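Q: no sequence for this one, just the structure:
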């Protein structure tokens, strides 16, 4: 017992003496840090899709433009005098002139009632003067009797205002022959000849595409001579002269 007490006393004395040495803090020495954990062989868990996909957020706000960043009102408009004055640009090119027409070929629709086909061909001799040739053939029925009809004539026309169209003045000469061999069921045969001449005034519409319309009116002096004969050899003649009106309405095309 005494030995144990003496041993404890000696240990206490040695510890107190060590604490009294210079540079010693008297604290117990620090414990060593724990060893790092040993990595496991299994791979780390993969991140989930919700955690990997970033969530789009609102776009960043644009910074406000500082004062004076934009031009003042009216800066985009040119100042006075920037454009040339009226008339400085060259005038637009005039439209191309209409083609020069030298021949008008027309038909009289009124004569088709006979029916008689009457054609008129007018040639442009000079710009303000034309000469026309008239020809026709067909038949005409009067009181159940049918007559064959031939026409041949001409016109001289002057255009005082426009070349080859518009208002015109002139004269017409026309020869007409009618012939029938079976009058009154073959009892009579008749022939007639007529000559008409007179002044006229008219107007020709001539479009840029060539369409032509002619309207003419006037007065004509007509001399007619007729002759009839029967199967027995008897014959009779008669003639007449008078003034009649003239009306021509023709449609056609000019080349």
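A: Sure thing, it's come through. All of these numbers come straight from a predicted model, not from anything done at the bench. Numbering: from 1, shown residues only.

Q: Check which element follows the least confident helix or strand in the chain by mean pLDDT along the chain.
A: Sorting the helices and strands of the chain by mean pLDDT, DSSP states H and E puts helix 49-52 at the bottom, at a mean of 51. Using DSSP states H and E, the helix or strand that directly follows helix 49-52 along the chain is strand 103-107.

Q: Helices along this structure, start to end?
A: Counting by DSSP state H, the chain has these helices, from start to end: 2-19, 49-52.

Q: So, low pLDDT: which residues of the stretch 101-250 of the chain?
A: For the stretch 101-250 of the chain, applying pLDDT under 70 flags the ranges 185-186.

Q: Hmm, residue 134 and residue 116 touching each other?
A: No. With contacts counted by CB atoms under 8 Å, residue 116 stays clear of residue 134, the gap being 11.7 Å. Every C-beta, even on glycine, is put in place using the N, C-alpha and C of the backbone.

Q: Okay, and the beta partners of the closest residue to residue 102 other than its chain neighbours?
A: Using CB to CB, 6 or more residues apart in numbering and skipping the chain neighbours, the partner closest in space to residue 102 is residue 124 (4.4 Å). Taking DSSP bridges as the rule, residue 124 bridges to residue 130.

Q: ok, residue 124 - contacts?
A: Taking CB atoms under 8 Å, 6 or more residues apart in numbering, we find residue 124 in contact with 101, 102, 103, 130, 163, 164.

Q: Dump the residues you listed to CSV, plus neighbour count.
A: Below are the contacts of residue 124 laid out as CSV (neighbours: other CB atoms under 10 Å):
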residue, neighbour count
101, 18
102, 13
103, 13
130, 24
163, 15
164, 24
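
Q: What is the most widely separated pair among these?
A: Greatest spacing in these, by CB to CB: 103 and 163 (13.7 Å).

Q: circling back: wait, which of the contacts of residue 124 is closest to residue 219?
A: residue 130 (20.8 Å).

Q: you'd agree the closest one is up against residue 154?
A: No. Judged on CB under 8 Å, residue 130 makes no contact with residue 154 at a distance of 10.9 Å.
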